[in-house]
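>>> Okay, sequence plus prediction incoming.
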Amino acid sequence: MTVQRGRRYREAREVLLRTATHCSYCTCEISTELPPTHPQKATADHIIPVAEGGTDDIENLIPACLLCNEKRGTLSVEAFTRLLSHDVEGFADGNW
């Protein structure tokens, strides 16, 4: 079962990120060509986390920079967007 879930996620992620150019949260430019730890590395973020019943379907994924994906953690999309809108510059500088 884990193998199937992984393949479905990889396929959906590939389709999503093929045309993604900006983070859905902070709107910075993102790229799949950057090193794995680069803050602007393109990632696919689950809208509803798998741990909370979300799926790996493309409808449940949005493009996000690595920094936003990691900082969002367990916050809902709405809560993270509100938080981010209050201090985009501090967020980008890592001053949270």
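Here it is on my side, so go on.

>>> my read is R8 is in a helix, agree?
Yes - assigned with DSSP: H, G, I helix; E, B strand; the rest coil, R8 falls within a helix.

>>> so who does it touch?
By CB atoms under 8 Å, 6 or more residues apart in numbering, R8 lies in contact with 56-57. In this view, the C-beta of every residue, glycine as well, is placed from N, C-alpha and C.

>>> Swap in 7 Å and give it another go.
For R8, the contacting residues are D56, by CB atoms under 7 Å, 6 or more residues apart in numbering.

>>> Can you tell me how far K71 is from R18?
For K71, the distance to R18 equals 24 Å [CB to CB, to the nearest Å].

>>> okay, those two: which has more neighbours?
Higher neighbour count among K71 and R18: K71, with 19 against 9, using other CB atoms under 10 Å.

>>> Could you look up the SS state of the more buried one?
Assignment for K71 (three-state DSSP): helix.
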